[in-house]
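Novice: Output the structure for:
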Amino acid sequence: MLAALPRFLEFLALTLSIYNVGVAWALAVVHYPTWRDLAPDQTGRAARAHLVRMAMATTVPSMFAYMAVAMLVWVVPHPGTLFYAATIANLVNVLVVVWSLLIERPALLRLARGADDARAMRRIVSGSFVIALGWTVESLIVLWIVLRI
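Specialist: Numbers count the residues shown, from 1 in each chain. Coordinates of the predicted model:
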């Protein structure tokens, strides 16, 4: 049973990472750009509803993905290059979280308070691409670990 744990964690990390990539790209390409077309009084309401939905759609699954990827370093013994790849994947996750907390979240909160702020909107739209790219890189690294390329 324990012998299968490393592969299970790898596939779990990969599955959750791919989910995050799909959600991030959907937000970056489809969801956030449509906010530009909202009237100022609608933007705050949309941002507030979005923040509530984000908790279940992205925040909770991404926390599980972060834990699964972290386990690739601290629980699953990976030799040499795979260890470094898992460490880099974790660093990418840290950068995505920092970016989200410093750039995305304040801009979302500003809009949620009803501010008609074009700069905050630009930060959300462009920042979502940074997050999507970060999670894409992280998923490719985890895929590389799973495939042992």
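
Novice: give me the number of residues near the residue nearest to residue 120 when sequence neighbours are not counted?
Specialist: Excluding its sequence neighbours, the residue lying closest to residue 120 (Cβ to Cβ, 6 or more residues apart in numbering) is residue 107, at 4.0 Å. For the C-beta atoms, the positions are set from N, CA and C on the backbone; glycine is no exception. Neighbour count for residue 107, taken as other Cβ atoms under 10 Å: 22.

Novice: Residue 107 contacts residue 125, doesn't it?
Specialist: No. Residue 107 lies out of contact with residue 125 (Cβ atoms under 8 Å); the separation is 9.4 Å.

Novice: Residue 108 contacts residue 124, correct?
Specialist: Yes. Using Cβ under 8 Å, residue 108 makes contact with residue 124 at a distance of 6.3 Å.

Novice: pLDDT-wise, which helix or strand of the chain ranks last?
Specialist: The helix or strand of the chain with the poorest confidence is helix 60-74; it has a mean of 79 (mean pLDDT, DSSP states H and E).

Novice: what comes into contact with it?
Specialist: Helix 60-74 is contacted by residues 9-10, 12-13, 16-17, 19-20, 23, 78, 83, 86-87, 89-90, 93, 97, 138, 142, 145 when judged by Cβ atoms under 8 Å, 6 or more residues apart in numbering.

Novice: could I have it exported to PDB, CA atoms only?
Specialist: What follows is helix 60-74 as a C-alpha-only set of coordinates in PDB (Å, rounded to 0.1, in the frame of the first residue of the first chain):
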ATOM      1  CA  VAL A  60     -10.000  25.300  -2.100                       C
ATOM      2  CA  PRO A  61      -8.800  23.100  -5.000                       C
ATOM      3  CA  SER A  62      -5.600  25.100  -5.400                       C
ATOM      4  CA  MET A  63      -4.800  24.700  -1.800                       C
ATOM      5  CA  PHE A  64      -5.100  20.900  -2.300                       C
ATOM      6  CA  ALA A  65      -2.900  21.200  -5.400                       C
ATOM      7  CA  TYR A  66      -0.300  23.100  -3.400                       C
ATOM      8  CA  MET A  67      -0.300  20.500  -0.700                       C
ATOM      9  CA  ALA A  68       0.000  17.600  -3.200                       C
ATOM     10  CA  VAL A  69       2.900  19.300  -5.000                       C
ATOM     11  CA  ALA A  70       4.600  20.100  -1.600                       C
ATOM     12  CA  MET A  71       4.300  16.400  -0.800                       C
ATOM     13  CA  LEU A  72       6.300  15.600  -3.900                       C
ATOM     14  CA  VAL A  73       9.300  17.300  -2.100                       C
ATOM     15  CA  TRP A  74       8.700  16.500   1.500                       C
END
